[in-house]
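Student: Got a predicted structure plus its sequence, pasted below:
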Amino acid sequence: MSGLKTMVATAATPAWNEAEAAAIIASHRHREGPLLPILHAIQAAFGCVPPEAEPLIANALNLSRAEIHGVVTFYHDFRRKPAGRHVLKLCRAEACQSMGGEANAARLLATIGLDWGGTTPDGRLTIEPVYCLGLCANAPAALFDDMPVGRADAARLETLVREAA
Amino acid sequence: MKIFIPRDMAAVAVGADHLATAIAAEAQARNIPLTIIRNGSRGLFWLEPLIEVATAAGRIGYANLSVADVPSLFESRFFEGGPHDRCIGVVERLPYLARQTRFTFARAGVIDPVSLDDYRRHGGYRGLETALSLGPAAIVAAVKESGLRGRGGAGFPTGIKWETVARASAPRKYIVCNADEGDSGTFADRLIMEADPFMLIEGMTIAGIAVGATQGYIYLRSEYPFAIRIMNEAIAIATRAGWLGRGIAGSRFDFDLEVRVGAGAYVCGEETALLESLEGKRGQVRAKPPLPAIKGLFGQPTVINNTISLASVPFILAEGAQRYAEIGYGRSRGTMPVQLAGNIRHGGLFECAFGITLGELIEDVGGGTASGRPVRAVQAGGPLGAYFPPALFDTPYDYEAFAKRDGLIGHGGLVVFDETADMAKMARFAMEFCAHESCGKCTPCRIGAVRGVETFDKIAAGIEPEQNLALVRDLCETMKLGSLCAMGGFTPYPVLSAMNHFPEDFAAKPLPLAAE
């Protein structure tokens, strides 16, 4: 059941390791337009795109550091620092709004005292907005780590959050 | 005994994986030999999780199941199609499915998405075989004759795009599939990729042969992890079987295909921003001309089409352009997978010929709202599409008819809102979304959207509402005429339609009393 495997809390994010990052970059640099695949792979390894990665990538791709920084900060997916152990993405797009998604989200955020993009002090959970998961016929929708959640009413969200270890 | 349980993301989102595990365990405990096939979804999402059982009478469905239903399913001998209160009979005979014209989605939910044998048994790769026998020029002619228009939003004739790329001479050409389906209320691309991925591979391969391209990319949004996994699985299988790579199916044509994952930017659904992103840059829009067909990915001639457009091609080649062209309405030929979403009772995918009215789709097919309250508004064509009031439900589903009423078909999504919707809030949201997602390259979109949000906030606060509403209209005009792409250019559609059809929501509200 591939959709469920990340229900298990993932191990702590590995620390920055320049040799490992260099190996990741080298394994993608032969591709056409390699920057996005490199950034995704770096984030998969380190939980974010650490600032230390930028000059390394810039060197390998013969681009300026500013260009790399510009790309990293343009895309919503790339993090500057690792997220919590679990990430709950709540859809804020129209179809989910039409089914009360905004009210659910507001209630949940208030309950745990977070704002959009915030992480709990114990590093357990980050809540982020997402604009459409393609689950619009089963709105409101959410993505808890890699597990999609449809018909995600307030009670269901609270259970998820409570059980996130 | 064959049981079908979808692996589709929306089905899993409502428990399909848990159900599959529980059914497998129960079957083992009872020593009943079941073969569980993880099919795609039929797109009848209000019935998910929907499982099916193959019987002599056809595939019998059991809908809206949960793990708690599993013991009673076995007691009822569901594996032989036995009666149960969740049983909905032969799935193909459900009116929702029976009244569709499924050209592109005929196999969705029927086959195992990653079984090449299943795909071939259900007519897969017949289009490519025809294409190989016809040759490039005749393929382009067939696509032109079918009347297929881009299903991503703009509705540009696909055959003409292909012809331009075919005529261009260049050392390398590309086929790019725009699978950055970011519009709220749309999931047709996701369904194609999760339910019938070989169809997209086949369509892109045919496009490659037609225009002389040897490399294809599927730009797939990161919000679709299931589609990414299934597409990659299918590409590996097709490559191993010789349907991709060098000398496709023993021919002289080569075609390689790769999935590229986006990074959460809505604007990358705009074709030139998508190309920039594929090249590894910020997803900023390019000025046109030059068209991507002349100078596209890495400066080479590029066919960039929406997922549905490319996925429609195998049918056209296999069944003949005429078969596709003969159904439709006006200049909108063939079928459109309409996606019914939001506050709707029967949310799902409904593939039909153009010409059906908006009201039929919402009330008749969709069964009205999920909440049971009256429909207030329907947003057609994604976050940049107009809001239609029930008074316009007689509008035929057709590119031109929608345009005539200041709306758009876009990618085919319809999002229903009931009477509790606050249309001033939705208009403000359209501006907020544009501000959030603007690529920042052109001023009307970058700054206009921010000013739009501020102006709506003033209106809500009761500050010079009439002047500020006039200001919003002026701003919309500037964004419409001055933006580089549809992001800023179409944001006025939801804003103005909300203002025009629901003026009462924008009327000055009495100022709230000061806190005691």
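Tutor: Arrived safely.

Student: hey, let's count contacts and neighbours off CA atoms from now on
Tutor: Noted.

Student: In contact with B:Arg323, which residues are there?
Tutor: B:146, B:316 (CA atoms under 8 Å, 6 or more residues apart in numbering or on different chains).

Student: how far is the strand or helix carrying it from where the chain is centred?
Tutor: Using DSSP states H and E, B:Arg323 sits within helix B:321-325. Taking CA atoms, centre = their mean, to the nearest Å, the mean C-alpha location of helix B:321-325 is offset from the chain mean by 22 Å.

Student: Can I get it as CSV, trimmed to CA atoms?
Tutor: Extracted in CSV, the C-alpha atoms of helix B:321-325 (Å, rounded to 0.1, in the frame of the first residue of the first chain):
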residue,chain,number,x,y,z
ALA,B,321,-10.8,11.4,-37.7
GLN,B,322,-14.3,11.4,-39.0
ARG,B,323,-15.6,9.4,-36.1
TYR,B,324,-14.3,12.1,-33.7
ALA,B,325,-15.3,15.0,-35.8
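
Student: what is the mean pLDDT for it?
Tutor: Average pLDDT, helix B:321-325: 95.

Student: do the same with stretch B:453-468
Tutor: Here the average pLDDT along stretch B:453-468 is 96.

Student: So which bits of chain A are right by chain B?
Tutor: When proximity is defined by CA under 8 Å from any CA of the partner chain, chain A lies next to chain B at A:1, A:3-4, A:32-37, A:70-71, A:74-78, A:93-99, A:131-139, A:146-151.

Student: Just the buried residues of the one helix or strand B:Asp118 maps to, please?
Tutor: Counting by DSSP H and E, the element that carries B:Asp118 is helix B:116-121. Buried residues in helix B:116-121, counted by 16 or more other CA atoms under 10 Å in any protein chain shown: B:116, B:119.

Student: For it, name the packing helices and strands.
Tutor: Contact here means 3 or more CA pairs under 8 Å, 6 or more residues apart in numbering or on different chains; DSSP states H and E; on that basis helix B:116-121 packs against no helix or strand.

Student: hmm, 10 Å instead?
Tutor: Secondary-structure packing of helix B:116-121 (3 or more CA pairs under 10 Å, 6 or more residues apart in numbering or on different chains; DSSP states H and E): helix B:197-211, helix B:225-240.

Student: and that helix, what's its mean pLDDT?
Tutor: Helix B:116-121 carries an average pLDDT of 98.

Student: can you list the residues that contact that helix?
Tutor: B:107, B:110-113, B:115, B:122, B:124-126, B:196-199, B:234, B:237-238, B:241 (CA atoms under 10 Å, 6 or more residues apart in numbering or on different chains).

Student: Now the element after it, going C-ward?
Tutor: Next along the chain after helix B:116-121, taking DSSP H and E as the criterion, comes helix B:126-134.

Student: Quick one: name whatever helix or strand follows that next one.
Tutor: helix B:136-146.

Student: Next, the angle helix B:126-134 makes with that following helix.
Tutor: Orientation note: helix B:136-146 sits at an angle of 130 degrees relative to helix B:126-134 (axes from the mean of the first three to the mean of the last three CA atoms, to 10 degrees).

Student: Averaged pLDDT, the next helix-or-strand element following helix B:136-146. What do you get?
Tutor: Once helix B:136-146 ends, the next helix or strand along the chain (criterion: DSSP H and E) is helix B:158-167. Helix B:158-167 shows an average pLDDT of 97 in the prediction.

Student: Surely B:Asn232 touches B:Val259?
Tutor: Yes. Using CA atoms under 10 Å, B:Asn232 is in contact with B:Val259, at 6.8 Å.

Student: out of the residues of chain A next to chain B, which are inside helices?
Tutor: A:35-37, A:70-71, A:74, A:94-97 (DSSP state H).

Student: Drop anything exposed from those residues.
Tutor: Buried among those (16+ other CA under 10 Å): A:35-37, A:71, A:74, A:94-97.

Student: now, among those residues, which is nearest to B:Arg345?
Tutor: A:Ala95 (13.0 Å; CA to CA).

Student: could you check the distance from that closest one over to B:Ala63?
Tutor: 23 Å (CA to CA, to the nearest Å).

Student: next one: A:Ser27
Tutor: Applying CA to CA to A:Ser27 and B:Ala63 gives a distance of 46 Å.

Student: How about the contacts made by residue 156?
Tutor: Picking chain A for this. A:104, A:149-150, A:162.

Student: my bad, the chain I had in mind was chain B
Tutor: Neighbouring residues of B:Phe156 by CA under 10 Å, 6+ apart: B:148-150, B:305.

Student: what does the stretch 151-300 of chain B have sitting close to chain A?
Tutor: By the rule CA under 10 Å from any CA of the partner chain, the part of the stretch 151-300 of chain B lying against chain A is B:181-191, B:221-226, B:229, B:260-266, B:268, B:276-284, B:297-298.

Student: Likewise for the stretch 351-500 of chain B?
Tutor: B:370-371, B:379, B:382-383, B:413-418, B:420-422, B:426, B:429-430, B:433, B:436-437, B:439-440.

Student: how about low-confidence regions in the stretch 51-200 of chain B?
Tutor: By pLDDT under 70, the stretch 51-200 of chain B has no low-scoring segment.

Student: Could you measure from the most centrally placed residue in chain A over to B:Gly462?
Tutor: Taking CA atoms, centre = their mean, the centroid of chain A lies closest to A:Asp77, which sits 5.9 Å from it. Shown here: A:Asp77 relative to B:Gly462, a distance of 37 Å by CA to CA.

Student: Would you convert the contacts of B:Phe156 into a markdown table that also reports neighbour count and distance to B:Phe255?
Tutor: Rendered in a markdown table, the data for these read as follows (neighbours: other CA atoms under 10 Å in any protein chain shown; distance: CA to CA, whole Å):
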| residue | neighbour count | distance to B:Phe255 |
| --- | --- | --- |
| B:Leu148 | 28 | 23 |
| B:Arg149 | 24 | 24 |
| B:Gly150 | 22 | 22 |
| B:Asn305 | 26 | 17 |
